[in-house]
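J.: could you work out the structure for the sequence below:
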Amino acid sequence: MLGWINLSVQSFITTAFGGDKWDQVAAAAGVGTNWVTACPYSDKITYDLIVTAAGVLGVSVNEALEAYGVYSVQHVTEQGYTKLLAVLGANVAEFLQNLNNLHLRLQYCWPSMIPPDFRCEQVTPESLLLHYYSVRPGLWPIVAGVLKGIAKDYFKLDLRVQLLRSREKGDCDHEVFQLSYPYQEGLRHWGNVSQEAQQSIFSMPAHLFYELHPFHLILDASMHLVQAGPAIKRVVPDMQMGRHIRDHFRCKHPRHVQLDFQQLQQHTNNSFVLEARKSLLVLKGQMLPISLQLPGSPPGSAATPVIVFLCSPRLRTYQEMQQSGIFFSDIPVHDMSADYLLLAEQRKAEADLVEKYERLSKELKVANDKLARTTAWLEEEKARAEALLYRMSGLIACFPCGPGEQQAAAASLAECQSQVQEHLGTNNATVAATAMTRHSTAQDRIEAVRRELARANINTSEQNHIQCLELLGEGTYGKVYKGLWKGSIVAVKTIVLPANMSGQEKREKMAIMEAAISSALSHPNIMQTYTYDIKPIKDNSRAEQNLLVLGSIAASESPAVTTKGGGQQNGIQGCEAGVHSFEVRG
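T.: Numbering: from 1, shown residues only. As a prediction, the model looks like this:
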């Protein structure tokens, strides 16, 4: 079906039940929603939407289809087709009789359109029978809804629709409806020849008819060609009189009608489209059953029933006109085909622009959505990078530098402080930087970072509530314990490093960076780091040895001197000589 149908289904669900319901239906049906009006899509998409919508809304499929049919009349009206529908007919029967012609005209704009066919019979002032032919089964409730909507909105009638025969019942190869409505005076003489027509004083001579209708065919009761117009003879030079019409033409519309004399007599009010088999000529016209005296008939014999196909070339562009071998001189003056061809050419150009604009709009919407997702992702990555940079800079700057790195360390520490203040949104960057540079020992710098974290309302006290249960393993630089943290079993990694390490000892600094980086990562194949911390371990008996302890989680047997929230006990500050190690735990 055309994208227009799917878009109207979307509009129906959104208007009647809300956008949330439509999102639910589309997600449950598993279909894309970037449809273009004039583009064809698989019928399965529309069927899936309707069946899924019925389940989500808690109604039967037939009820959903009929409700959509009623809404589609409103949707067509909102699309600007009110005047077109208003002039299709003066009553219900004339309206239905002209639906096929309307669909044929719409196919000029939407060549991929495969519309249904309709035929009216047994028309009375109070009822009629409507035959509905479609290549798509099961959609007859839509027709019922459309008929009720048309009758109500355009004819102010309360229409009753009853399904008499259908493919579902197995008693017919198409659907037959009985339509009942209040008495309509205009339908009292439906199908009868008017008195004015019977009193007509003009009868056209044969040669005049031949000249005024260069596109015509005359068929006998056996559907053999009796006569063809001069333009058709020129465009189809191999056509021979006396041959069956199916030898030279195929019927493209109505699709359900065979080129049979009896069937053609039942469709005199329908438009027919015939396509030449050996050329690109396409003819659109009307089948008229008449009686005439054929050449070679005995004098005084009865007139022979024939069918006259009065037609015109069906063309959409000048290119098709050239391919068919037709010129403007072939089209009679009274025929509007030449004027319509000019309008069709302009309309095709407009339709192409509309389709291009619609496609670009869809592509732009998809690009904007992708850009929004990418922007959000970049913002998240920026926040992670800033947090990681803050953590890494703060940790590395906490450790004493070698002889030639004092200036670089001070710069790194000042940059860290600037990032902290920018992150906190405070105005005391100068005061904090001065306070940071005043601490000359590693312990003082650690405490300064902790104070900045405290200002950011980062509570580290909960990190210290760790209970080491047993040793799981150890290596060259550290040990891993089984621990209990916040009621969960965790792995506690402790790395002990000398307090007087120099800037050249990259492995120790990489251990700090590992803790900072791993705490910012989340991946199913990477063990999650929940927290880490640095704390000094004091041993007065080893004051001459300055060690540093780096660990992911504190070991219970290590003599650490800390307080909740990252503070320390009295007597520690300024006593670098008494600190033999630092512990970084994360």
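J.: use CA for all of it now, contacts and neighbours both
T.: Fine.
J.: so where's this structure uncertain?
T.: 193-194, 388-464, 477, 497-516, 519-520, 533-586 (pLDDT under 70).
J.: out of everything not next to it in sequence, what's closest to Glu126?
T.: Tyr183 (4.9 Å; CA to CA, 6 or more residues apart in numbering).
J.: three-state assignment of that neighbour?
T.: coil (DSSP: H, G, I helix; E, B strand; the rest coil).
J.: for it, give its distance to His256.
T.: As judged by CA to CA, to the nearest Å, Tyr183 and His256 stand 31 Å apart.
J.: doesn't Leu65 make contact with Leu139?
T.: Yes. The criterion here is CA atoms under 8 Å, and Leu139 meets it with Leu65 at 7.2 Å.
J.: and these two? Which one has more around it.
T.: The residue with more neighbours, out of Leu139 and Leu65, is Leu65; 25 against 16, by other CA atoms under 10 Å.
J.: and the gap between that one and Phe12?
T.: 11 Å.
J.: do Gln528 as well
T.: 49 Å.
J.: out of the two, which sits in the more crowded spot?
T.: A count of neighbours by other CA under 10 Å puts Phe12 above the other of Gln528 and Phe12, at 21 against 13.
J.: three-state assignment of that one?
T.: helix.
J.: surely it touches Glu66?
T.: No. Using CA under 8 Å, Phe12 is not in contact with Glu66; the gap is 11.7 Å.
J.: what segments of the stretch 301-450 of the chain are helices?
T.: 318-324, 337-397, 406-424, 429-438, 442-455 (DSSP state H, counting those that start in this stretch).
J.: alpha carbons only: can I get stretch 129-147 in PDB?
T.: The C-alpha coordinates for stretch 129-147 follow below in PDB (Å, rounded to 0.1, in the frame of the first residue of the first chain):
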ATOM      1  CA  LEU A 129     -26.400  -3.300  -4.200                       C
ATOM      2  CA  LEU A 130     -22.700  -2.500  -4.200                       C
ATOM      3  CA  HIS A 131     -20.100  -4.900  -5.500                       C
ATOM      4  CA  TYR A 132     -16.600  -4.400  -4.100                       C
ATOM      5  CA  TYR A 133     -13.600  -5.900  -5.800                       C
ATOM      6  CA  SER A 134     -10.100  -5.800  -4.200                       C
ATOM      7  CA  VAL A 135      -6.900  -7.800  -4.500                       C
ATOM      8  CA  ARG A 136      -6.500  -7.400  -0.700                       C
ATOM      9  CA  PRO A 137      -8.700  -9.700   1.400                       C
ATOM     10  CA  GLY A 138     -10.300  -8.900   4.700                       C
ATOM     11  CA  LEU A 139     -10.500  -5.100   4.300                       C
ATOM     12  CA  TRP A 140     -14.200  -4.900   3.600                       C
ATOM     13  CA  PRO A 141     -15.000  -3.300   7.100                       C
ATOM     14  CA  ILE A 142     -13.000  -0.200   5.900                       C
ATOM     15  CA  VAL A 143     -15.400   0.100   3.000                       C
ATOM     16  CA  ALA A 144     -18.400  -0.100   5.400                       C
ATOM     17  CA  GLY A 145     -16.800   2.700   7.600                       C
ATOM     18  CA  VAL A 146     -16.000   4.900   4.600                       C
ATOM     19  CA  LEU A 147     -19.600   4.500   3.200                       C
END
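J.: begin at 380 from here
T.: Okay, residue one is now 380; in that scheme the one you just asked about reads as stretch 508-526.
J.: contacts for that stretch next, please.
T.: With CA atoms under 8 Å, 6 or more residues apart in numbering as the contact definition, stretch 508-526 has outside contacts at 441-442, 444-452, 494-502, 538, 540, 546-547, 553-558, 635.
J.: list the buried residues of that stretch.
T.: Under the neighbour-count criterion of 16 or more other CA atoms under 10 Å, stretch 508-526 has 508-513, 517-526 buried.
J.: and stretch 385-394, by the same measure?
T.: Quick answer for stretch 385-394 (16+ other CA under 10 Å): 385-392.
J.: check the offset of that stretch from the chain's centre.
T.: Centroid displacement of stretch 385-394 relative to its chain, using CA atoms, centre = their mean, to the nearest Å, is 12 Å.
J.: got it, and stretch 475-490?
T.: Worked out by CA atoms, centre = their mean, stretch 475-490 lies 27 Å from the chain centre.
J.: helices and strands around the host helix or strand of Leu444, which ones?
T.: Taking DSSP states H and E as the definition, Leu444 sits inside helix 440-457. Other elements packing on helix 440-457 under the criterion 3 or more CA pairs under 8 Å, 6 or more residues apart in numbering; DSSP states H and E are helix 382-396, helix 422-436, helix 519-533.
J.: can you say which of the ones you listed is nearest to Ser867?
T.: Ser867 lies closest to helix 422-436 among the helices and strands packed on helix 440-457, at 42.6 Å (CA to CA).
J.: run through who's touching that closest one.
T.: 380, 384-385, 388, 400, 403-405, 407-408, 410, 439-440, 443-444.
J.: hmm, try it at 6 Å
T.: 380, 404, 408, 439-440, 443 (CA atoms under 6 Å, 6 or more residues apart in numbering).
J.: swap in stretch 387-399?
T.: Here stretch 387-399 makes contact (CA under 6 Å, 6+ apart) with Trp401.
J.: recalculate using a threshold of 8 Å.
T.: 400-401, 428, 447, 450-451, 454.
J.: same question for stretch 618-625.
T.: 598, 601-606, 612, 627, 638.
J.: hmm, 10 Å instead?
T.: 596-599, 601-607, 611-612, 626-628, 630, 637-639, 653, 655-657 (CA atoms under 10 Å, 6 or more residues apart in numbering).
J.: show me which residues of that stretch are buried.
T.: Neighbour-count burial for stretch 618-625 [16+ other CA under 10 Å]: 618-619, 623-625.
J.: summarise which helices and strands the host helix or strand of Val875 is packed against.
T.: Assigned by DSSP H and E, Val875 belongs to strand 867-877. Applying 3 or more CA pairs under 10 Å, 6 or more residues apart in numbering; DSSP states H and E, one finds that strand 867-877 contacts strand 845-853, strand 857-864, helix 885-898, strand 927-930, strand 958-964.
J.: okay, the angle between it and strand 857-864?
T.: Here the directions of strand 867-877 and strand 857-864 differ by 150 degrees (axes from the mean of the first three to the mean of the last three CA atoms, to 10 degrees).
J.: how many residues are close by Leu428?
T.: 21.
J.: again with Tyr719
T.: That count, for Tyr719 with other CA under 10 Å as the rule, works out to 14.
J.: what do you get for Ile597?
T.: There are 22 residues near Ile597, going by other CA under 10 Å.
J.: tell me the secondary structure for it?
T.: Quick answer, by three-state DSSP: Ile597 is strand.
J.: what pairs with it across the strands?
T.: Gln606, Val687 (DSSP bridges).
J.: so it makes contact with Gln665?
T.: No. Using CA atoms under 10 Å, Ile597 is not in contact with Gln665; the gap is 11.7 Å.
J.: now for the two: what residues contact both?
T.: In contact with both Ile597 and Gln665: 686-689, using CA under 10 Å, 6+ apart.
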